[in-house]
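Novice: got a structure for you, letters missing:
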Ligand SMILES: O=C[C@H](O)[C@H](O)[C@H](O)COP(=O)(O)O
């Protein structure tokens with residue numbers, strides 16, 4: 001007898017599969033980070049293995065994506081070898097009605113922004129809990145900082161009206177360290193009125209590498225939801 005799948009897991013699986021179905025043979029694919037994208041990577045690998053998909057090459061946005069891609073048999077490349085990315089699939093922590101995003105719950109937003117912004121098509125995959133009326137409603141904005149600058153950057157964020165918190169490790173004493181060897185400050189701003197302005201302002205603080213506001217980067221969000229007990233994928237564009 002198979003164990004019952006948790007509804008959130010089911011939504012993530014459905015939306016991951018729906019996104020993977022949009023990948024075509026011969027594509028260069030940006031591979032996002034997180035628990036939802038992990039299913040897309042798995043399904044791309046399964047389509048490759050079955051022969052339904054051919055000549056795919058992936059560009060991972062994190063160590064996690066790289067390990068998963070290898071596990072599912074997706075060949076990988078790097079940005080110095082290819083001159084474009086056809087499609088990128090990635091998750092998000094919040095999505096507003098204009099399809100602006102907060103990303104970086106897994107501290108991968110710096111590499112994700114590079115890869116996702118280069119893609120000709122960037123598909124966001126989320127479960128319905130990620131949809132908000134205004135960015136900042138629930139989630140803080142992750143800000144990747146050079147370790148030597150974390151204290152002045154936290155003070156600068158406070159001056160902007162944000163509540164900064166240095167992200168701490170789980171099962172590790174001390175701060176989270178990103179794939180690039182930096183730290184992450186979670187900056188909580190209640191209801192962000194001007195995401196584009198805040199994205200630029202945060203990135204202008206000396207010592208900041210990149211923040212998790214993704215403004216005007218995608219025009220397609222696939223939302224996994226459960227309607228009358230049945231999983232469904234809704235397209236917002
Ligand atoms: O740094 C991590 C990424 O931006 C993720 O794509 C984001 O946090 C969403 O992850 P999940 O699909 O696990 O909720």
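Specialist: Received the coordinates, thanks. Since this is a predicted model, take the numbers as computed values, not measurements.

Novice: Contacts for the longest helix along the chain next, please.
Specialist: When the chain is parsed with DSSP state H, its longest helix is helix 35-50. Under the criterion Cβ atoms under 8 Å, 6 or more residues apart in numbering, residues 12-13, 15-17, 19-21, 23, 29, 31-32, 53-54, 56, 58, 64-65, 68-69, 71-74, 89-91, 125-127, 224 lie in contact with helix 35-50. Glycine gets a C-beta too; all of them are placed from N, C-alpha and C.

Novice: repeat for stretch 193-203
Specialist: Taking Cβ under 8 Å, 6+ apart as the rule, stretch 193-203 contacts 96, 100, 134-135, 141, 143, 157, 160, 187, 189, 192, 208, 210-211, 213, 215-216.

Novice: Buried ones from those, can you make that a PyMOL selection?
Specialist: Here is the PyMOL command that selects only those of the contacts of stretch 193-203 that count as buried (16 or more other Cβ atoms under 10 Å):
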select buried, resi 96+100+135+141+143+157+187+189+192+208+210+211+213+215
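
Novice: and the contacts of helix 35-50 near the ligand, which?
Specialist: With Cβ under 6 Å from any ligand atom as the criterion, the contacts of helix 35-50 include 32, 90-91 near the ligand.

Novice: Relative to the ligand, which of those is nearest.
Specialist: Nearest to the ligand, judged by Cβ to the nearest ligand atom, of these is residue 91 at 3.1 Å.

Novice: mind listing the helices for this structure?
Specialist: Going by DSSP H, the chain shows helices at 7-20, 35-50, 63-71, 109-118, 150-159, 195-203.

Novice: Check which residues of the longest one are buried.
Specialist: Of the residues in helix 35-50, 36-45, 47-48 count as buried by neighbour count, 16+ other Cβ under 10 Å.

Novice: Report the angle between it and helix 63-71.
Specialist: 20 degrees (axes from the mean of the first three to the mean of the last three Cα atoms, to 10 degrees).

Novice: re earlier: how about the longest helix of the chain and the ligand, touching?
Specialist: Yes: for helix 35-50 and the ligand, the contact criterion (Cβ under 6 Å from any ligand atom) is met by 35-37.

Novice: tell me the mean pLDDT for that helix?
Specialist: Per-residue pLDDT over helix 35-50 has a mean of 98.

Novice: just how off-centre is that helix within its chain?
Specialist: 16 Å (Cα atoms, centre = their mean, to the nearest Å).

Novice: can you check stretch 223-237 too?
Specialist: With Cα atoms, centre = their mean, you get 19 Å for stretch 223-237.

Novice: since we're on residue 163, how many residues are nearby?
Specialist: 13 (other Cβ atoms under 10 Å).

Novice: Could you do residue 222 as well?
Specialist: 23.

Novice: Provide a list of residues in contact with it.
Specialist: Residue 222 neighbours (Cβ under 8 Å, 6+ apart): 15, 18-19, 123-126, 233-236.

Novice: can you check residue 120 too?
Specialist: Per Cβ under 8 Å, 6+ apart, neighbours of residue 120: 84-87.

Novice: returning to that earlier point: the longest helix of the chain to helix 109-118, inter-axis angle?
Specialist: Going by the same axes, to 10 degrees, helix 35-50 makes 60 degrees with helix 109-118.
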